[in-house]
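Engineer: need a structure here:
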Amino acid sequence: MEALGSRSYIFITGGAGGIGSSLCRILPAHGITPIVGFNTNATQAHILAKELNGFAINIDMSENNSIEKAIQSIFEKIKPSDSFLGVVLGASPPPEIKPFKDISSDDLAYQFRVNVIGSQLLLKGLIKKFFHKKKAGIVIGILTKAIGSDDHPPASGMAAYVIAKSALNSLLSVCSAEYPWLKIGSVTPGFTKTPMLDVFDPRFLEAIEAKDKIAAPEEVAQLIIEMIKS
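Structural biologist: Prediction:
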């Protein structure tokens, strides 16, 4: 049981985005206060945080200093009586819609910088600052169905994004192996109704929706809640 007046927090990178904001809105019903991570959507993040009685943290997952400052800001804002439960890795650049042969080294490097290098730096800092003391913590990565599985191949036409998300999956596996006391998981949504879909041709999305349902952000957020509460 929590002490009287204490709070439990979860940090959501990309917390002002489609899936991230939906998750932030659901968390309070489960006794968890969201920390709304944002990079460019400052106004939306602060409004959301105020609405949910949480707070917003600026974090650019492509910049080491920004990540380190965000960790320190969280540490300073959370009271000693509060609990920092974990993090949801939701920040990601949208995919570059290009054939494999046209993907530049800059395209690939930026996807890796945010999804992989930035995630590793953030997790390393959170483990040191919060998780290691209690030998407990929750880490959930938002991946994508586009990385493929035993049942279907990876998606074509968005190579940098797919490769980086696949590497994030490997990062989570390695982290889990080294820190078995962490609860580490991931969700792999397909096409979801968020602004990220703006990079696709509308005719392509119409064809996708004719064959398979495009999920609502709330549906993905609910999957994350189930993982957090399990």
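Engineer: contacting residues around the residue most central in space within the chain?
Structural biologist: In the chain, the centroid-proximal residue (CA atoms, centre = their mean) is Gly90; its distance is 1.6 Å. For Gly90, the contacting residues are 12-15, 17, 19-20, 23, 37, 142, by CB atoms under 8 Å, 6 or more residues apart in numbering. All C-beta spots, glycine's among them, are computed from the backbone N, C-alpha and C.
Engineer: Out of those, flag the one nearest to Pro195.
Structural biologist: For those, the closest approach to Pro195 (CB to CB) belongs to Gly17, at 7.2 Å.
Engineer: Surely that closest one and Thr192 touch.
Structural biologist: No: Gly17 sits out of contact with Thr192 when judged by CB atoms under 8 Å, with a separation of 10.4 Å.
Engineer: Now do the nearest residue in space to Phe55 that is not next to it in sequence: how many residues are near it, please.
Structural biologist: Excluding the flanking residues, the one nearest Phe55 by CB to CB, 6 or more residues apart in numbering is Ala49, at 5.2 Å. Neighbour count for Ala49, taken as other CB atoms under 10 Å: 21.
Engineer: Where does pLDDT dip in this protein?
Structural biologist: Scanning the chain for pLDDT under 70 picks out the ranges 1-5, 204-205, 208.
Engineer: contact partners of the longest helix along it?
Structural biologist: If you go by DSSP state H, the chain has its longest helix at helix 159-178. Helix 159-178 is contacted by residues 89, 92-96, 98-100, 103, 107-108, 110-112, 114-116, 119-120, 123, 139, 141, 143-144, 146-148, 154-155, 182, 184-186 when judged by CB under 8 Å, 6+ apart.
Engineer: Would you mind listing which of those are buried?
Structural biologist: 89, 92-93, 95-96, 103, 107-108, 110-112, 114-116, 119-120, 123, 139, 141, 143-144, 146-147, 154-155, 182, 184-186 (16 or more other CB atoms under 10 Å).
Engineer: quick one: which of the residues you listed sit in strands?
Structural biologist: Among the buried ones among the contacts of helix 159-178, DSSP state E puts 89, 139, 141, 184-186 in strands.
Engineer: how long is stretch 92-99 end to end?
Structural biologist: 20 Å (CA to CA, to the nearest Å).
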